[in-house]
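Chemist: sequence and computational prediction follow.
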Amino acid sequence: MLESFDINWSGVLIPSLVLVVGFFSYKVLQKFFDLSKNKNTNVVLQKQLTNIVFILLLIIIFVIVLPIKDSLKNQIIALIGIVLSASIALSSATFLGNIMAGIWLRSVRNFRLGDFVEVKGMFGRVSGRGLLHTELQSIDRDLITLPNLFLASNPVTVSHSDGTIISTQISLGYDIDHSVIEPLLLAAAEKAELEKPFVYIDNLGDYSIVYKIHGLAKDLTTILSARSMLNRRVLDELHQAGVEIVSPTFMNQRQVNEHTFIPKQRNNKAQQKNVENPEDVIFDKADKAGKLDEMKQQHQELLERMKEAKEAIDHAESDKIEQELKQSYERLKVREAKLVEFLSTKSEEISREGKEISKENSDEPPKD
C-alpha cells in the first residue's frame, strides 16, 4: 500500500527549482532596471520588452523540465506556439503595431518629454512615453493617452524649440484703409513682446476684411499667455486709435445714433498682473517630466565625468595629483548617488501624478 504513495521527488524537484530560480531571477531583473532607470531614458521600453521575453522563456523551460513524456512536451510547446502565433496575428494591427510604432518613434526622436505637440486637433505637452502609448497633458490640465500607432500614422506637429509663430485674426470694415490697420496690428504684436511681427490680409469678404497678425514667441512655456496677450494688445491698439471692432452687418441693422462701440479707458494695471503663468498650472506634469528628462541627461554627463576622472587617476603623474583627483572623484560619486535617489523619487511621483494622490516633493535636484 505504501508503494502507491511513492513519489518521484526528482521529477517534482526540478520543475519546482525552475520556478524558484525564475522567480528570483525576475526579482533581480526588476531590481536591475530600477537601479538603471535613471541612466537611460528608454528604460521603460526595454523593461517591458525584456519582461515579455523572460516570461515566455520561463514558461518554455518549465514545460521542458516537467516529468512527462517527450511527445506530450512537444504537444504542449506546439500549443504554446500556436496560441502565441494566433495572438500575434489577431492583435498585430493594434498591440504589435503599437510596439513597432513606439520603437520607431524612439528612433526618429521627433519629440521628447516636455515638448508641445499637436496631432489631429489635440494640443498639449508630452508628459509620458511608454511601449504602447504616449501621454499628453492638454490645455485643460487633463491627461490624454494616445496609442503610438496613432502618432505614427498621423502628422505630428512639434513646436520649434527656438520659438513658434502665434497669430490672431480680426475682421474690419472696408471703410477703414489697410494702411491704417496694419501699423496698429504691428504695434500690438511688438507690445505683446513678439519678435519679427508681420500682417497678412487673409480674406476679402462680402462685408469685411480679415487681417491676421503673426509674431515669433521665443518662450514656449508661456505660449498660451502669449496668445492671450496678443489679443489684448490688438484690442487696446485699435480702440485707442478710434477703430471700431464690430460687424458691418450689425451696424447696418440697428439704430445707434452715431454711437461708437469702444469701451471706456480703465486702469487695468491690477488686472494685468499675473501672480503666476497659467501654463504653470495647466502643464505641471509635462513640465516636471521635461525637467526630469533634462536631469537624466545631466546624470549621464556626470557619469561621463566620473569615468574621465577615474582614467585621470590611473594616469596621475604624482601622488599629490592622484590624491587631489581622488578627492574630486569622491565628490562626484556622492553627488551622483544623491542624484540617483532624487531621480528615482521624482520618476515614481510623476508616474503616479494624475492617477492617484502623491506627496508634494521639491522639484529642485540635490545639491552637493
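Modeler: Yes, it's here.
Chemist: where exactly do the strands run in the stretch 101-250 of the chain?
Modeler: According to DSSP state E, counting those that start in this stretch, the stretch 101-250 of the chain carries its strands in the segments 116-119, 122-129, 133-138, 143-147, 157-158, 164-173, 195-204, 208-217.
Chemist: mind listing residues that contact the fifth one?
Modeler: Which is strand 157-158. 110, 111, 115, 116, 117, 118, 119 (C-beta atoms under 8 Å, 6 or more residues apart in numbering). Bear in mind the C-beta positions are built from the backbone N, C-alpha and C, glycine included.
Chemist: center of the protein - which residue?
Modeler: The C-alpha lying nearest the average C-alpha coordinate of the chain belongs to residue 126 (C-alpha atoms, centre = their mean; 2.4 Å).
Chemist: show me the shaky parts of the stretch 251-368 of the chain.
Modeler: Within the stretch 251-368 of the chain, the stretches falling below the threshold (pLDDT under 70) are 251-286, 348, 350-368.
Chemist: quick one, phi psi at residue 241?
Modeler: Main-chain torsions, residue 241, degrees, to the nearest 10: phi -90, psi 0.
Chemist: count of residues packed around the residue nearest to it when sequence neighbours are not counted?
Modeler: Sequence neighbours aside, residue 184 is the residue nearest to residue 241 in space, at 5.5 Å (criterion: C-beta to C-beta, 6 or more residues apart in numbering). Neighbouring residues of residue 184 were enumerated by other C-beta atoms under 10 Å; the total is 20.
Chemist: show me the one of the strands of the stretch 101-250 of the chain that comes nearest residue 14.
Modeler: Of all these, it is strand 133-138 that lies closest to residue 14, at 40.1 Å by C-beta to C-beta.
Chemist: neighbouring strands - and their directions - for that closest one?
Modeler: Based on DSSP bridges, the strands next to strand 133-138 in the sheet, each with its direction, are strand 122-129 (antiparallel), strand 143-147 (antiparallel).
Chemist: would you mind giving the domain segments of this protein?
Modeler: Following automatic domain parsing, the chain resolves into domains at 8-97, 164-277, 283-352.
Chemist: how about the strands of the stretch 101-250 of the chain, which one is nearest residue 103?
Modeler: Put simply, out of these the one that sits nearest residue 103 is strand 122-129, at 11.7 Å, with distance taken as C-beta to C-beta.
Chemist: list the buried residues of the closest one.
Modeler: Residues of strand 122-129 classed as buried by neighbour count (16 or more other C-beta atoms under 10 Å): 123, 124, 125, 126, 127, 128, 129.
Chemist: show me what contacts the third one?
Modeler: Residues in contact with residue 125 (C-beta under 8 Å, 6+ apart) are 114, 115, 116, 117, 136, 137, 283, 286, 287, 290.
Chemist: for residue 138, see how far away it is.
Modeler: Distance of residue 125 to residue 138, computed by C-beta to C-beta, to the nearest Å: 9 Å.
Chemist: returning to what we had before: got JSON lines for the domains of the chain, with distance to residue 157 too?
Modeler: Putting the domains of the chain into JSON lines (distance: least, C-beta to C-beta, whole Å) gives the following:
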{"stretch": "domain 8-97", "distance to residue 157": "22"}
{"stretch": "domain 164-277", "distance to residue 157": "10"}
{"stretch": "domain 283-352", "distance to residue 157": "16"}
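Chemist: show me the one of the ones you listed that comes nearest residue 144.
Modeler: Once the domains of the chain are compared by C-beta to C-beta, domain 283-352 is nearest, at 10.9 Å.
Chemist: run the chain-centre distance for the closest one.
Modeler: Domain 283-352 has its C-alpha centroid displaced from the chain centroid by 23 Å (C-alpha atoms, centre = their mean, to the nearest Å).
Chemist: and which of the contacts of strand 157-158 is nearest to residue 225?
Modeler: Nearest to residue 225 among the contacts of strand 157-158 is residue 116, at 13.4 Å by C-beta to C-beta.
Chemist: with adjacent residues omitted, what lies nearest to that closest one?
Modeler: residue 159 (3.9 Å).
Chemist: next, the buried residues of stretch 22-30.
Modeler: Applying a neighbour-count criterion of 16+ other C-beta under 10 Å, the buried positions in stretch 22-30 are residue 22.
Chemist: hmm, I typed the wrong one, I wanted stretch 158-167.
Modeler: Of the residues in stretch 158-167, those buried by neighbour count under the rule 16+ other C-beta under 10 Å are 159, 163, 164, 166, 167.
Chemist: now these in JSON lines, with distance to residue 102?
Modeler: JSON lines is the format used below for the buried residues of stretch 158-167 (distance: C-beta to C-beta, whole Å):
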{"residue": "159", "distance to residue 102": "22"}
{"residue": "163", "distance to residue 102": "29"}
{"residue": "164", "distance to residue 102": "26"}
{"residue": "166", "distance to residue 102": "31"}
{"residue": "167", "distance to residue 102": "34"}
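Chemist: list the contacts for the closest residue in space to residue 170 that isn't next to it in sequence?
Modeler: With C-beta to C-beta, 6+ apart as the measure, residue 211 is the residue that lies nearest to residue 170, at 5.6 Å, once sequence neighbours are left out. For residue 211, the residues meeting the contact criterion (C-beta under 8 Å, 6+ apart) are 169, 170, 171, 172, 178, 181, 182, 185, 199, 200, 201, 202.
Chemist: immediately after the strand or helix carrying residue 310, which helix or strand?
Modeler: Here residue 310, judged by DSSP states H and E, is contained in helix 284-314. Proceeding N to C from helix 284-314, the next assigned helix or strand is helix 319-352, under DSSP H and E.
Chemist: can you give me the angle that next one makes with strand 133-138?
Modeler: Here helix 319-352 runs at an angle of 80 degrees relative to strand 133-138 (axes from the mean of the first three to the mean of the last three C-alpha atoms, to 10 degrees).
Chemist: helix 319-352 - contacts with which helices or strands?
Modeler: Packed against helix 319-352 by the contact rule (3 or more C-beta pairs under 8 Å, 6 or more residues apart in numbering; DSSP states H and E) you find strand 122-129, helix 284-314.
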